[in-house]
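Undergrad: 3D model of this:
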Amino acid sequence: MQPDVIILFEHPEWQKPLFRALEARGVRHDSFDLKRAAFDPDAVPQAPLYFNQASPSAYVRGNTRAVPLALSFMRSLETGGARVLNGSRAFLLELSKSAQAAMLRQLGIAHPRSLAFNDVDTALAHWQGGWPALVKPEQGGSGARMFLLQSAEELPRLLDAQPGLWAPDNLLLLQEYLPTNPKKGIVRMEFLGGELLYAMRVISHGAFNLCPSEVCNPGDGSAGHCEIPAAPVKPVEFYPYPEVPAEAVEAGRRIVRAGGLDVGGIEYLEAADGRLIFYDINANSNLRGPIGQAFGFDPFSRVVDFLESAIRRTS
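TA: Numbers count the residues shown, from 1 in each chain. Below is the predicted model of the structure:
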């Protein structure tokens, strides 16, 4: 029997709650594992609807090849007439922190100053964002390979000591560092079908891995599955944030609409001068069950509602 929707995935632990919700609802679905895969462009699509759940952070789990295959597969599917939720347009945006910054500038939304570079000397000659500054992969994800540098001298020392930080695409980003109130953390808003699903405050305790999936940042502080170092002092904390400002929600709506995101997580911080600074756009949105439950619903059930509506529109 032909499935109504096929889920593209790379991290099996992330997808288990969604698969359970699909099975409980009786939705005819299949999955496509991007870690070891092949596809015939002449033989796709095999379903009218696909849902992309690939992650840019695949390379930190030894699955570097999953990302280019996912992108090529989605392009073939779209050319073949299939609808791909969080398709190639959204995925390309998630793969590029500099493209995200450019889009935020076009939208007139405040964001940190950034500089993409492939050469250290050139980067230092062009960087005007001051110090301290963050260095991170252009193709980020799960807080992988991020460092806070206090001075220009630290950048060449870091990359000489850890040349592997250039992976996976030999492109890095310097980004303006904007300190936040550690007791308030940052805010992550989850959007589904262009509308806010829920918002939460995230208290990092100095960690960069703010992945909301319970298997990556368990509430009890036990080891996760992201393979990114845990918080140095305490586990990352997640709290429902029903008081999220209307201006933040509207900015999030504009971002997901401009980026072509069907499902997405948008992160911002509150600067010392009161500005809301948007700094991360996530097309692979790992929902956190307890946060949704605090708002009175199962977030994965809401995703299934959205998928069923999309199936009806494509049938």
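
Undergrad: center of this protein, which residue is that?
TA: residue 282 (2.7 Å; C-alpha atoms, centre = their mean).

Undergrad: what about the nearest residue to it once chain neighbours are set aside, which SS state?
TA: Distance criterion C-beta to C-beta, 6 or more residues apart in numbering; nearest residue to residue 282, sequence neighbours excluded, is residue 265 at 4.0 Å. In this view, the C-beta of every residue, glycine as well, is placed from N, C-alpha and C. Here residue 265 is strand, with the state taken from DSSP: H, G, I helix; E, B strand; the rest coil.

Undergrad: all strands of this protein, in order?
TA: 5-9, 29-33, 49-52, 83-85, 114-117, 133-137, 147-149, 172-176, 186-192, 195-203, 237-240, 263-270, 276-282 (DSSP state E).

Undergrad: highest average neighbour count across these?
TA: Greatest average neighbour count among the strands of the chain goes to strand 49-52 (a mean of 26), per mean count of other C-beta atoms under 10 Å.

Undergrad: give me the contacts around that one.
TA: Applying C-beta atoms under 8 Å, 6 or more residues apart in numbering, the contact partners of strand 49-52 are 4-8, 32, 70, 74, 77, 82-87, 90-91, 283-284, 307, 310-311, 314.

Undergrad: please repeat the previous calculation with a cut-off of 6 Å.
TA: 5-8, 77, 82-86, 310-311, 314 (C-beta atoms under 6 Å, 6 or more residues apart in numbering).

Undergrad: out of those, which is nearest to residue 190?
TA: residue 86 (13.1 Å; C-beta to C-beta).

Undergrad: quick one: low-confidence parts of the stretch 51-200 of the chain?
TA: Low-confidence segments of the stretch 51-200 of the chain (pLDDT under 70): 142-143.

Undergrad: hey, where'd the helices end up in it?
TA: Assigned by DSSP state H, counting those that start in this stretch, the stretch 51-200 of the chain shows helices spanning 66-79, 88-94, 97-107, 120-126, 154-161.

Undergrad: could you tell me which residues within the fourth one count as buried?
TA: Neighbour counts using 16 or more other C-beta atoms under 10 Å place 120, 123 of helix 120-126 among the buried residues.

Undergrad: and that helix, C-alpha only, in CSV?
TA: Extracted in CSV, the C-alpha atoms of helix 120-126 (Å, rounded to 0.1, in the frame of the first residue of the first chain):
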residue,chain,number,x,y,z
VAL,A,120,41.7,33.3,9.2
ASP,A,121,43.9,36.3,8.2
THR,A,122,41.2,37.6,5.9
ALA,A,123,38.6,37.1,8.6
LEU,A,124,40.6,39.1,11.1
ALA,A,125,41.2,41.9,8.6
HIS,A,126,37.4,42.2,7.9
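
Undergrad: so what does it touch, helix or strand wise?
TA: helix 154-161 (3 or more C-beta pairs under 6 Å, 6 or more residues apart in numbering; DSSP states H and E).

Undergrad: what is the neighbour count of residue 311?
TA: 19 (other C-beta atoms under 10 Å).

Undergrad: that one contacts residue 4, correct?
TA: Yes. Counting by C-beta atoms under 6 Å, residue 4 is a contact partner of residue 311 at 4.6 Å.

Undergrad: which of the contacts of strand 49-52 sits closest to residue 259?
TA: Distances from residue 259 to those, taken by C-beta to C-beta, are shortest for residue 86, at 9.7 Å.

Undergrad: quick one on the thing from earlier: which stretch among the helices of the stretch 51-200 of the chain comes nearest residue 260?
TA: That would be helix 88-94 among the helices of the stretch 51-200 of the chain, by C-beta to C-beta, at 4.1 Å.

Undergrad: end-to-end on stretch 3-14?
TA: End-to-end span of stretch 3-14 (C-alpha to C-alpha, to the nearest Å): 21 Å.

Undergrad: what do you get for stretch 275-288?
TA: Using C-alpha to C-alpha, the two ends of stretch 275-288 sit 27 Å apart.

Undergrad: oh, and call the first residue 35 from now on, that's how I've got it
TA: Yes, from this point I'll number from 35; that puts the last item at stretch 309-322.

Undergrad: so what touches that stretch?
TA: Outside of stretch 309-322, the residues within contact range by C-beta under 6 Å, 6+ apart are 48, 87, 89, 120, 124-125, 128, 134, 138, 143-146, 212, 224, 245-247, 272, 282, 295, 297-299, 301-303, 305, 333.

Undergrad: now do it, average pLDDT.
TA: Stretch 309-322 shows a mean pLDDT of 92.

Undergrad: look up how far residue 253 lies from the nearest residue to residue 118 once chain neighbours are set aside.
TA: Once flanking residues are discounted, residue 118 sits nearest to residue 84: 4.6 Å by C-beta to C-beta, 6+ apart. Residue 84 sits 32 Å away from residue 253, going by C-beta to C-beta, to the nearest Å.
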